[in-house]
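Q: Just the structure for this:
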Amino acid sequence: MNYSRDHSVADGLNHVANWNAAALLSGDLKECMAAQHEKRLPQFAD
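A: Down below sits the predicted model:
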């Protein structure tokens, strides 16, 4: 929200897209997909 205050809507959406893309780089996403495919609960590292 702080970023959006000083930037345009397009800049704000781009900022959120970058944050979301960074979150998808973690190994957690891979574990989630594998667990779903194998029909088990995901096991995350602490």
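
Q: Need the single longest helix in this structure, by residues.
A: Counting residues, the longest helix found in the chain (DSSP state H) is helix 9-23.

Q: Just checking, which helix or strand succeeds that one along the chain?
A: Downstream of helix 9-23, the next assigned helix or strand under DSSP states H and E is helix 27-37.

Q: could you give the angle of the longest helix of the chain to helix 27-37?
A: With axes from the mean of the first three to the mean of the last three Cα atoms, to 10 degrees applied, the angle from helix 9-23 to helix 27-37 works out at 70 degrees.

Q: Could you list the buried residues of helix 9-23?
A: By 16 or more other Cβ atoms under 10 Å, helix 9-23 has no buried positions at all. Using the backbone N, CA and C atoms, a C-beta is placed for each residue, glycine as well.

Q: Show me what the mean pLDDT comes to for that helix.
A: The average pLDDT for helix 9-23 rounds to 88.

Q: ok, residues contacting it?
A: Residues outside helix 9-23 that contact it (Cβ atoms under 8 Å, 6 or more residues apart in numbering): 3, 4, 7.

Q: With respect to residue 41, which of these is nearest?
A: Lowest distance from residue 41 to those (Cβ to Cβ) belongs to residue 3, with 35.1 Å.

Q: how many other residues sit next to that closest one?
A: Neighbours of residue 3 under the rule other Cβ atoms under 10 Å: 11.

Q: Now it: closest residue in space that isn't a chain neighbour?
A: residue 15 (5.2 Å; Cβ to Cβ, 6 or more residues apart in numbering).

Q: Just want to check the distance between that neighbour and residue 28.
A: Applying Cβ to Cβ, to the nearest Å, the value for residue 15 to residue 28 is 22 Å.
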